[in-house]
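Undergrad: What follows is a predicted protein model with its sequence.
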Amino acid sequence: MTWYIALVHKDPESAFGVSFPDLPSVFSAADDEDDIVPNAIEALTLWAEDETLPQPSSHADILARDDVRAELKEGAFLVRIPLVRDDTRTVRANITMEAGTLAAIDAAAKRRGLTRSAFLASAALKEIEKSA
C-alpha cells in the first residue's frame, strides 16, 4: 500500500486543515479530530482518480523541508494517509475464520442491511483508516 504524509494544522476557532507536502493541490478539512484521516483518505483518493501521483517522500525528506518544519513549530503535526484506490472491479477472496466469528459477522451484516462481503470490506477500511 502507498502512504502519503499529510500535515495537519488547526487555528483557534477553525476546523483541522490537512495538506500534503508532496501534493500541493490536495487538501482536506475536518471539524472533529476523528475525521482527519477518513476525510484525508477521501481527498487523496478523489484526486488520484484524475492525476498521476508522484512517489511519496520519506518521513525524513518531509521533515527536511523548511516549510514543513515551520508549520510543525507552529503546532502542526504529521499523519500517514493510505492511498486507497477506488477500483470498480470486484475480486473473489476465500477466507478462513472461526465459525462463531463468522456467525457474528453475518448477524451484524444482516442488522445493517449489508452482505457479508460489504460488511467485511467496510470493517477492513475502518481498520486501515485507524492504522494511519
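TA: Nice, I can see it. Residues are numbered from 1 along each chain as shown.
Undergrad: Could you pull out the strands in the chain for me?
TA: 3-10, 16-20, 23-30, 77-82 (DSSP state E).
Undergrad: residues making contact with the first one?
TA: This means strand 3-10. For strand 3-10, the external contacting residues (C-beta atoms under 8 Å, 6 or more residues apart in numbering) are 16-23, 28, 36, 40, 44, 56-57, 59, 62, 68, 71-72, 74-83, 132. Where C-beta positions appear, they are placed from N, C-alpha and C, glycine not excepted.
Undergrad: Identify the residues contacting the helix or strand bottoming out on mean pLDDT in the chain?
TA: One helix or strand of the chain scores below all others by mean pLDDT, DSSP states H and E: helix 116-130, with a mean of 83. Outside helix 116-130, the residues that touch it by C-beta under 8 Å, 6+ apart are 1, 37-38, 41, 82, 84, 95, 105-106, 108-109, 112, 114.
Undergrad: Out of these, which sit inside helices?
TA: Among those, the ones falling in helices (DSSP state H) are V37, P38, I41, I105, D106, A108, A109.
Undergrad: Give me the number of neighbouring residues for the fourth one.
TA: Which is I105. If you count neighbours by other C-beta atoms under 10 Å, I105 ends up with 16.
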